[in-house]
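**Student:** what shape does this take:
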Amino acid sequence: MPIELNHTIVQSRDKHAAARFVGELLGLEVGAPFGPFVPLVTDNGVTLDYATSDRSDIPPQHYAFLVSEKDFDQIFGRIQEAGVTYYPSPALDRPGEINHRDGGRGAYFRDLDGHVLEIITRPYGSGPAS
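**Tutor:** Coordinates of the predicted model:
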């Protein structure tokens, strides 16, 4: 059996709001609560299990999503429509720009809890540097 990522737990201040926010931007349906989690399932079957944390200082994590050019346009449109600040790099510098690494497009943005989410149209190392 190949090794595949199945799920990861995403700490949040409000699991329902956090899953809904990311689900709406990415165009994914929020699943029914399962135990202490609110699941958000990606198209390749990996589940982001949102959990409410009692920590006041949730350490930010990074989640990258490989999307098609068409999906990038749709997601990016929702990011802009929602007024979410986006950046071309994980340094979160140069707000309002995207990147064109490997001949594709990419953008970084923060979710409600400060996690850094990324959408890319090409896997890193798959094309010409730019």
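**Student:** SS state for the spatially most central residue of the chain?
**Tutor:** When CA atoms, centre = their mean is applied to the chain, the residue found nearest the centroid is Leu117 (3.7 Å). Under DSSP: H, G, I helix; E, B strand; the rest coil, the three-state class of Leu117 is strand.
**Student:** for the chain, which segments count as helices?
**Tutor:** All helices of the chain, identified by DSSP state H, fall at 15-26, 69-81.
**Student:** circling back: who's the residue nearest to the centre of the chain bridged to?
**Tutor:** Under DSSP bridges, the beta-bridge partners of Leu117 are Tyr63, Phe109.
**Student:** what sits against it?
**Tutor:** Residues near Leu117 by CB atoms under 8 Å, 6 or more residues apart in numbering: 22, 25, 62-65, 108-111. Every residue, glycine included, has its C-beta placed from N, CA and C.
**Student:** swap in Thr47?
**Tutor:** Shown in contact with Thr47 (CB under 8 Å, 6+ apart): 6-8, 31, 39-41.
**Student:** now those residues as JSON lines including neighbour count and distance to Arg101?
**Tutor:** As requested, the contacts of Thr47 are exported to JSON lines (neighbours: other CB atoms under 10 Å; distance: CB to CB, whole Å):
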{"residue": "Asn6", "neighbour count": "8", "distance to Arg101": "28"}
{"residue": "His7", "neighbour count": "13", "distance to Arg101": "27"}
{"residue": "Thr8", "neighbour count": "11", "distance to Arg101": "24"}
{"residue": "Gly31", "neighbour count": "16", "distance to Arg101": "32"}
{"residue": "Pro39", "neighbour count": "20", "distance to Arg101": "30"}
{"residue": "Leu40", "neighbour count": "22", "distance to Arg101": "25"}
{"residue": "Val41", "neighbour count": "16", "distance to Arg101": "27"}
